[in-house]
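Participant: The following comprises the amino acid sequence and a computationally predicted model.
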Amino acid sequence: MQNNPFVSLPIAWQKRFMVVLAGLAIMLLIVLQVIDVPLRTAVAPSGIVSFELAGDAATAQAMVASWDETARIHAGISLGIDYLFMASYAGAISLCCALVARSLKPGWLASIGMALAWGQWLAAALDALENVALIRILLGARGAFWPLLARWCAIPKFALVVCGLSFIGAGFVLTRLLRRERSPGDTLP
């Protein structure tokens, strides 16, 4: 498939990179969850995710105010680590979407998979821009622009990631079912 973001990389390497990147993404997700614990307050019940989705200056400032100095440091560390996380999750999900799409017959479903493979890089770019906005807020920027920017980057980012993961899950099930139908041990009546 020519529209594969990894067309110049041999399939064997795509699979290896996908496994490495998925492992790194899972490890970083665990680290980020640990770092996030002090950020979970009554105002920010989902920690950094609440902060990403605040959407307005008053809510974002209330979240920052609910964090002590240690929690604010955790927020900054989380946003820094997130840059490595976004490269690993985008790469892993993108590679997996491309591999699943490649295993399907060419057509609209495979095209959706390739679009989602490219979409993971858009999700990472949105995540990076969202982090810039959140860092600005942490550093004391006031006004409606930064929380609004963070929210409107976070929403499509989450949507693209969820769609990519859903495609991978559905494609995995579909390819397994198709393989079962075509199993060489089957005999015709």
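Facilitator: Looks like it came in fine.

Participant: Show me the shaky parts of this structure.
Facilitator: Where the chain drops to pLDDT under 70, the residues are 1-2, 181-189.

Participant: for it, what spans make up the helices?
Facilitator: 11-36, 48-52, 57-66, 69-103, 108-138, 145-181 (DSSP state H).

Participant: And the residue nearest the centre of this protein?
Facilitator: Of all residues in the chain, the one closest to the mean position by C-alpha atoms, centre = their mean is residue 161, 4.5 Å from it.

Participant: ok so, going back, winner for burial among the helices of the chain?
Facilitator: helix 48-52 (a mean of 21; mean count of other C-beta atoms under 10 Å). All C-beta spots, glycine's among them, are computed from the backbone N, C-alpha and C.

Participant: Need the contact partners of it.
Facilitator: By C-beta atoms under 8 Å, 6 or more residues apart in numbering, the residues outside helix 48-52 that reach it are 32, 36, 39, 43-44, 60, 63-64, 75, 78-79, 130, 134, 137, 150-151, 154.

Participant: about what we covered before: can I get the helices of the chain in CSV including distance to residue 3?
Facilitator: Output for these, formatted as CSV (distance: least, C-beta to C-beta, whole Å):
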stretch, distance to residue 3
helix 11-36, 15
helix 48-52, 30
helix 57-66, 38
helix 69-103, 9
helix 108-138, 5
helix 145-181, 15
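
Participant: Please name the nearest non-neighbouring residue to residue 148.
Facilitator: Distance criterion C-beta to C-beta, 6 or more residues apart in numbering; nearest residue to residue 148, sequence neighbours excluded, is residue 55 at 6.1 Å.

Participant: Please apply the same query to residue 29.
Facilitator: In space, residue 29 is closest to residue 85, 6.9 Å off (C-beta to C-beta, 6+ apart).

Participant: again, but for residue 38
Facilitator: Residue 38 sits nearest to residue 71 (C-beta to C-beta, 6+ apart), 4.1 Å away.
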